[in-house]
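Novice: Quick check, what structure comes out for this input:
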Amino acid sequence: MLTTGAVLGERYRLDEPLATGGMGLVWRGTDLVLRRTVAVKTMLPRFGDDPGFARRFESEARIMAALHHPGLVEVYDYGVDDDGRVFLVMQCVDGEPLSQRLDAGPLSVDETLSILSQTARALDAAHRHGIVHRDVKPANLLIEPDSTVRLVDFGIARGPATTATTAHRVVGTALYMAPEQAMARTVTAATDVYAVGAVAYHCLTGSPPFTGDNPVQVALRHLQDPVPPLSDDIPGPVRALVATALAKDPTDRFATAGELAAAVDAARADPAVRAVAAGTAASPPVIAPRTQIMAAGAVPAFAAGRATADGQSTADGQASAHGGAGWGSAVALRRPYAAAGVLLAAILAALVWLGLRDGDPAAPSEGPPPASPTTTKTSTRDSTEGGAPPPTTPEPTTTRTTTRSGSGPSATSPPEPTPEPTLTPDTSTAPVEPPPSSPPAVSP
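Specialist: Residues are numbered from 1 along each chain as shown. The predicted structure follows:
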């Protein structure tokens, strides 16, 4: 069993263990020849006697040595020590596994999209060489202090024409495994796209899309169950992107990781996503009460009104013609009618008062003399034919008799009783205009 301080291939000293995977253990080591820090991956003891795992180490070394990308880890060496133990020497990355960061909870939309974009570009470099990773998961994504993402562990990576089985076993991590991989069908670049979508779902929600009591149950859920929808708090373009990546049918996903990276860039440029990233996303508006200045009688009128289409009311109980004029303007429209009613009432009161005054003999004389009680005015044109001047005798004065209920005859009576004359206004005098048919416009 390897321990701290052991030297492999007479060159690589093991300083401290960094991480343990499904098949190997990663150490921080020192290249004694070049005097640099390296990462040394050794096979777990229980797989030491399995030649298949040894070939897998060699395959990983060859695959990673052929790939060059800032999002991938460089391979320096591959060897077998004197005891037959195989090892892989790689670039040492001082980063935190994404799985460890997710232990604290979900990530922001902006950080999630940054991780997705870098992961997709690293995978695209592998896909261009015909390599499918087959085990994209948070534990295989290292986040450096400057937020650079590195994709590691190509231990089960294969070419696009291979299946996902080894000795009749499905390999991979069930929590992020594509349906075709779980069914041991041919894997393609879209298989890695599905895994990236599952990682994105985990970053946004704090848990993978499907969980279960065992890997088989989880794999079946990837095959059969619809993906639980993301929260509405996540912008629509991001939700659509994740849904496309997690499509059950590989032909419904992004065909390559390059297409996924382009979709991530488009989502990050969306105004809604940029607003969320900047912390300025529009939240539901809070409507504060507005202060209104109204006439004294406007409140009862408003209370009698009914709501308009936009939730306001009009003072006359009818819906606003504009659907949103508001009760403040409706009160203003009612003011001219109220003023016109007051004016009309004043005119009627004046007419009644004049009528009572004319019937009261004790009322003092004001203004012009009362109109003649005669029903018609006698014209003098007929008596002056021939140019003779009209007689200068004064016009006889007619005395009116007014009888009140319960009183006797007046002090002066004509020689013969005559019926009380009908009082009509003299046509020579301008009559009082009746109130207009419509209320006049009165300024409030």
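Novice: use CA for all of it now, contacts and neighbours both
Specialist: Fine.
Novice: So, low pLDDT: which residues of the stretch 101-250 of the chain?
Specialist: For the stretch 101-250 of the chain, the stretches flagged by pLDDT under 70 are 155-171.
Novice: for M64, what are its contacts?
Specialist: M64 makes contact with 73-75, 154 under the criterion CA atoms under 8 Å, 6 or more residues apart in numbering.
Novice: Closest one to P226 out of the residues you listed, please.
Specialist: Using CA to CA, F154 comes nearest to P226 of the contacts of M64, at 29.2 Å.
Novice: Which helix or strand contains the closest one?
Specialist: Assigned by DSSP states H and E, F154 falls within no helix or strand.
Novice: tell me the secondary structure for R150?
Specialist: Secondary structure state of R150, per DSSP: H, G, I helix; E, B strand; the rest coil, is strand.
Novice: tell me, how many neighbours does the nearest residue to it once chain neighbours are set aside end up with?
Specialist: Nearest non-adjacent residue to R150, counting by CA to CA, 6 or more residues apart in numbering: G71, 4.5 Å away. Number of residues near G71 (other CA atoms under 10 Å) recorded here: 20.
Novice: Surely G71 is in contact with A120?
Specialist: No - counting by CA atoms under 8 Å, A120 is not a contact partner of G71; they are 9.3 Å apart.
Novice: what do those two both touch?
Specialist: Counting by CA under 8 Å, 6+ apart, nothing touches both G71 and A120.
Novice: What segments of the stretch 151-300 of the chain are strands?
Specialist: 165-166, 169-170 (DSSP state E, counting those that start in this stretch).
Novice: go on, the stretch 1-150 of the chain?
Specialist: Going by DSSP E, counting those that start in this stretch, the stretch 1-150 of the chain shows strands at 7-8, 12-20, 24-31, 36-43, 75-80, 86-91, 96-97, 141-143, 149-151.
Novice: Paired strands for the third one, with orientation please.
Specialist: Partners of strand 24-31 in the sheet, by DSSP bridges, are strand 12-20 (antiparallel), strand 36-43 (antiparallel).
Novice: which one of those has the most crowded surroundings?
Specialist: strand 36-43 (a mean of 22; mean count of other CA atoms under 10 Å).
Novice: what comes into contact with that strand?
Specialist: With CA under 8 Å, 6+ apart, strand 36-43 has contacts from 12, 14, 23-31, 53-54, 85-93.
Novice: For it, the averaged confidence score.
Specialist: In this model, strand 36-43 has an average pLDDT of 91.
Novice: what do you get for stretch 76-95?
Specialist: On average, stretch 76-95 scores 86.
Novice: Compute the first-to-last residue distance for it.
Specialist: This stretch, stretch 76-95, spans 19 Å end to end (CA to CA, to the nearest Å).
Novice: Pull the residues that contact it.
Specialist: So stretch 76-95 is contacted by 8-9, 28, 37-43, 48, 54, 57-58, 61, 65, 73-75, 142-145 (CA under 8 Å, 6+ apart).
Novice: and A345, how many neighbours?
Specialist: Neighbours of A345 (other CA under 10 Å): 12.
Novice: quick one, helices of this protein?
Specialist: 51-66, 98-102, 109-128, 179-182, 189-205, 215-224, 236-245, 257-269, 271-278, 298-304, 326-358 (DSSP state H).
Novice: Which of those helices has the highest mean neighbour count?
Specialist: Comparing the helices of the chain by mean count of other CA under 10 Å gives helix 189-205 as most buried, with a mean of 27.
Novice: Okay, domains of the protein per the record?
Specialist: Listed by automatic domain parsing, the domain ranges of the chain are 8-91, 96-278.
Novice: how about the ones you listed, which one is nearest A350?
Specialist: When those are ranked by proximity to A350 (CA to CA), domain 96-278 comes first, at 70.1 Å.
Novice: Any idea how far apart the tips of the closest one sit?
Specialist: First residue to last in domain 96-278 (CA to CA) measures 25 Å.
Novice: coming back round to it: is it possible to get TSV of the helices of the chain that adds distance to V136?
Specialist: Converted to TSV, those look like this (distance: least, CA to CA, whole Å):
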stretch	distance to V136
helix 51-66	15
helix 98-102	11
helix 109-128	9
helix 179-182	12
helix 189-205	6
helix 215-224	15
helix 236-245	13
helix 257-269	12
helix 271-278	25
helix 298-304	65
helix 326-358	59
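Novice: can you tell which of these is closest to L230?
Specialist: helix 236-245 (6.5 Å).
Novice: quick one: V276 and K41, what's the gap?
Specialist: 40 Å.
Novice: Give the burial count for the closest residue to F53 other than its chain neighbours, as a bare number.
Specialist: Leaving aside its sequence neighbours, F53 sits nearest to F47 (CA to CA, 6+ apart; 6.6 Å). Using other CA under 10 Å, F47 has 13 other residues around it.
Novice: wait, F47 sits on R55?
Specialist: No - judged on CA under 8 Å, F47 makes no contact with R55 at a distance of 11.5 Å.
Novice: Contact partners for the residue nearest to V216 when sequence neighbours are not counted?
Specialist: Leaving aside its sequence neighbours, V216 sits nearest to A174 (CA to CA, 6+ apart; 7.6 Å). Shown in contact with A174 (CA under 8 Å, 6+ apart): 182, 215-216, 218-219.
Novice: between these, which is closest to S207?
Specialist: Closest to S207, out of all of the contacts of A174 and judged by CA to CA, is V218, at 13.0 Å.
Novice: quick one: P45 and M23 touch, right?
Specialist: No - checked against CA under 8 Å, the pair P45 and M23 is beyond contact range at 9.2 Å.
Novice: Looking at those two now, which is surrounded by more residues?
Specialist: More crowded of P45 and M23, by other CA under 10 Å: M23, with 17 against 14.
Novice: quick one, what contacts the more buried one?
Specialist: Contacts of M23 (CA under 8 Å, 6+ apart): 43-44, 47, 53.
Novice: Please apply the same query to L14.
Specialist: L14 touches 3-8, 27-30, 40, counting by CA under 8 Å, 6+ apart.
Novice: Those residues: which two are farthest apart?
Specialist: T3 and T30 (14.2 Å).
Novice: Between the two, which has more neighbouring residues?
Specialist: T30 (21 against 10).
Novice: Nearest residue to the more buried one in space, please, no chain neighbours.
Specialist: T30 sits nearest to T37 (CA to CA, 6+ apart), 4.7 Å away.
Novice: Could you do A189 as well?
Specialist: T256 (5.4 Å).
Novice: My guess is that neighbour contacts V193. True?
Specialist: Yes - when contacts are counted by CA under 8 Å, T256 is listed as touching V193 (7.0 Å).
Novice: For the contacts of M64, give me CSV that also has distance to T211 and neighbour count.
Specialist: Formatted as CSV, the contacts of M64 follow (distance: CA to CA, whole Å; neighbours: other CA atoms under 10 Å):
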residue, distance to T211, neighbour count
V73, 30, 21
E74, 33, 20
V75, 34, 22
F154, 24, 23
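Novice: and the residue nearest to D135 when sequence neighbours are not counted, how many neighbours?
Specialist: Among residues not flanking D135 along the chain, G172 sits closest, at 5.3 Å (CA to CA, 6+ apart). For G172, the neighbour count with other CA under 10 Å is 21.
Novice: If anything else comes up later, I'll come back, but that's it for now.
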